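**Q** what's the 3D shape of this:
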Amino acid sequence: MAVNLLAEPVQQFVTDLTAVLGDLRSRADGKQGAVATKPAGAGDHERDAALEAQAIAAAVIAGDGRYGDGELREFAAALAPWFESLASATPGQLRDGDAIRQHRAWPITPSPMFETIVAADAAAGTTHGWTYYQAGLRVAHAACALEDVPTREKLLAVDTFRSMMLRRLGAAGIERPEGMAKEPGPGEVGKAAEAPPKKSLEELLDELDELIGLDAVKTEVRLLTNLIRVQNMRRDRKLKVVDQSAHLVFVGNPGTGKTTVARLLGEIYAALDVVSKGHLVETDRSGVVAGYVGQTATKVVEICGQALGGILFIDEAYALAQGGEQDFGAEAIAALLKQMEDHRDDLAVIVAGYPEPMNKFLDSNPGIRSRFPKTIVFPDYTDDEMVRIFEAFGEDHNYKADPSAIEKLRARLAAEPRGPMFGNGRFARNLFEAAIARHASRVVDVKKPTDEQLSTLVAADIPDS
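**A** You can find the predicted model right below:
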């Protein structure tokens, strides 16, 4: 019998949300303390929950407007227990009708049901919105997995749905239940007790969301995460999975967060069982190229061995392809490609650098570009983002910039030339470190300074140049 990827997540969503709606009804009726085997209106609650599951699945399927026969059949079969008309619906009828098309824009704003649940949570201190979030995402990922290779549009639909729910829950102040954040990721159950605990995937995605700026980068990482989750779901059901490379190219100027994102991505890969450990090993040309014949390959093997189970991050990777005929960079590239092939199940490689030199690097060896099919572009930070980074450094070290300091900081940032050598986040850190040095010189002569004086940066503390 063929496996229906969508049926179980839909059933679970209906079960969970029927219980949630029953609890809301009981609370509204003042019966939350009563014991009952079936809440009043449970049949209506179940149908409402099924309609919600249908809308979630339909929104993802409609995300790319392709409406394949296979995914339409599985959609109908998964929802047929609640909607008799779907039991006999053909793909053509579903394609031409409104059961799916009407929900194409559905994930953008909270549905009436989700809005009602979140409002009830805010009033009663409950966390039913997170039950919806978890069960709803399972339905969305399952709908995305109905195709052998989900399209970017479908992955974006899932990400839009997730982001919408998180924004609404955050705005209402509904905190994630402790147990949900601590759930083990795929592959964690049964691991040796002495192994360090992995963060859950949701915790890691929260960390990603909290990074300043980098909106396009964060979207690409979330889409990659969704793709891997869908692949894992299909693999678990013994369905065909199209192999996708875990290796990436990061391009951007210095200080744009490439190493930070790479480190976080290593943990995400580990949570999704792409790699076994998730650590990050950083290197550059000096770490993989030797000065004598025969030593370069050995250095590459050693560094890849250190990175095994995680991510090898090669900064300024283009430097490997910039030597002459007597240079050993080409040998390092060949050795690296061999290690990537030999350890393709437990090693991910990220190569990083300036955009144009990285293009030349990818073309320097016939095997490179095919092994690095995806490039993520890291843009320079805006002035507003640089101010937020400066303030974040202050929060980490118990300093706060007053309005005059922020005004001068903005002027300083606006006057700084932008180009390939602009330090971005590193420039913000340098400004912060210079500011606290100037602050110290100013405050050291104050007799019995207050806590506020010891922790407040003013305009005079911001360097002029």
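
**Q** Mind giving me the packing neighbours of the strand or helix carrying residue 394?
**A** Taking DSSP states H and E as the definition, residue 394 sits inside helix 383-396. In terms of contacts (3 or more Cβ pairs under 8 Å, 6 or more residues apart in numbering; DSSP states H and E), helix 383-396 is packed against strand 400-401, helix 403-415, helix 425-443. From N, CA and C alone the C-beta is placed, and that goes for glycine too.

**Q** do you know which of these lies nearest residue 15?
**A** helix 425-443 (45.9 Å; Cβ to Cβ).

**Q** by how many degrees do that closest one and helix 383-396 diverge?
**A** 50 degrees (axes from the mean of the first three to the mean of the last three Cα atoms, to 10 degrees).

**Q** which parts of helix 425-443 are buried?
**A** Neighbour-count burial for helix 425-443 flags 425, 427, 428, 431, 432, 435, 438, 439 (criterion: 16 or more other Cβ atoms under 10 Å).

**Q** Then stretch 336-343?
**A** Neighbour-count burial for stretch 336-343 [16+ other Cβ under 10 Å]: 336, 337, 339, 340, 343.

**Q** quick one on the thing from earlier: tell me how far the helix holding residue 394 lies from the chain's centre.
**A** How far helix 383-396 lies from its chain's middle: 22 Å, per Cα atoms, centre = their mean, to the nearest Å.

**Q** Give me the buried positions along it.
**A** 385, 386, 387, 389, 390, 391, 393, 394.

**Q** likewise stretch 118-132?
**A** Those would be 118, 120, 121, 126, 127, 128, 129, 130, 131, 132, for stretch 118-132 by 16+ other Cβ under 10 Å.

**Q** Can I get the helices and strands packed on helix 383-396 in CSV including mean pLDDT and distance to residue 64?
**A** Converted to CSV, the helices and strands packed on helix 383-396 look like this (pLDDT from 0 to 100; distance: least, Cβ to Cβ, whole Å):
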stretch, mean pLDDT, distance to residue 64
strand 400-401, 93, 46
helix 403-415, 92, 40
helix 425-443, 92, 35
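
**Q** Tell me where the stretch 201-350 of the chain has strands.
**A** In the stretch 201-350 of the chain, the strands defined using DSSP state E, counting those that start in this stretch lie at 248-252, 280-283, 311-314, 348-353.

**Q** would you put the C-alpha positions of the helix or strand where residue 75 lies in CSV?
**A** Secondary structure from DSSP H and E places residue 75 in helix 69-79. The C-alpha trace of helix 69-79 is given here as CSV (Å, rounded to 0.1, in the frame of the first residue of the first chain):
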residue,chain,number,x,y,z
ASP,A,69,-1.5,14.8,-9.9
GLY,A,70,0.4,12.8,-7.2
GLU,A,71,0.2,15.5,-4.5
LEU,A,72,-3.4,16.3,-5.3
ARG,A,73,-4.3,12.6,-4.8
GLU,A,74,-2.5,12.5,-1.5
PHE,A,75,-4.1,15.7,-0.4
ALA,A,76,-7.6,14.3,-1.2
ALA,A,77,-6.9,11.0,0.5
ALA,A,78,-5.6,12.7,3.7
LEU,A,79,-8.6,15.0,4.1
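
**Q** and the next element down the chain from it?
**A** helix 84-87.

**Q** Mind jotting down where the helices sit in the stretch 51-200 of the chain?
**A** 69-79, 84-87, 91-96, 98-101, 112-124, 128-144, 152-172, 178-181 (DSSP state H, counting those that start in this stretch).

**Q** Which one, of those, ends up nearest to residue 231?
**A** helix 128-144 (10.2 Å).

**Q** what mean pLDDT does that closest one have?
**A** Averaging pLDDT along helix 128-144 gives 92.

**Q** What of stretch 260-274?
**A** In the prediction, stretch 260-274 has an average pLDDT of 93.

**Q** returning to what we had before: what is the nearest of the buried residues of stretch 336-343 to residue 236?
**A** Out of the buried residues of stretch 336-343, the member with the shortest distance to residue 236 (by Cβ to Cβ) is residue 343, at 23.4 Å.

**Q** picking up where we left off before, tell me which of the strands of the stretch 201-350 of the chain is the most buried.
**A** strand 311-314 (a mean of 27; mean count of other Cβ atoms under 10 Å).

**Q** For stretch 288-302, measure first residue to last.
**A** For stretch 288-302, the separation between the terminal residues is 9 Å (Cα to Cα, to the nearest Å).

**Q** what does stretch 142-153 contact?
**A** 5-6, 8-10, 56-58, 60-61, 63-66, 68, 70-71, 74-75, 154-155, 157-158, 223, 226-227, 230-231, 233-234, 239-242 (Cβ atoms under 8 Å, 6 or more residues apart in numbering).

**Q** Columns pLDDT and distance to residue 298 on top of the buried residues of stretch 336-343, output as CSV?
**A** Listed next are the buried residues of stretch 336-343 as CSV, based on pLDDT from 0 to 100; distance: Cβ to Cβ, whole Å:
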residue, pLDDT, distance to residue 298
336, 89, 13
337, 90, 16
339, 91, 12
340, 90, 17
343, 92, 16
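
**Q** Restricted to helices, list the residues you listed.
**A** Judged by DSSP state H, helices contain the following of these: 336, 337, 339, 340.

**Q** want to try a markdown table for those residues, with distance to residue 329 as columns?
**A** Below are these laid out as a markdown table (distance: Cβ to Cβ, whole Å):
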| residue | distance to residue 329 |
| --- | --- |
| 336 | 10 |
| 337 | 13 |
| 339 | 15 |
| 340 | 16 |
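
**Q** Once you drop chain neighbours, what's closest to residue 120?
**A** Closest residue to residue 120 apart from its sequence neighbours, by Cβ to Cβ, 6 or more residues apart in numbering: residue 24 at 5.3 Å.

**Q** wait, what's in contact with that neighbour?
**A** Contacts of residue 24 by Cβ under 8 Å, 6+ apart are 116, 117, 120, 128.

**Q** so who does residue 352 touch?
**A** By Cβ under 8 Å, 6+ apart, the contact set of residue 352 is 249-252, 258-259, 262, 313-317, 358.

**Q** Just put these in TSV and tack on distance to residue 107.
**A** Listed next are these as TSV, based on distance: Cβ to Cβ, whole Å:
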residue	distance to residue 107
249	30
250	28
251	30
252	29
258	30
259	32
262	29
313	33
314	37
315	37
316	40
317	37
358	34
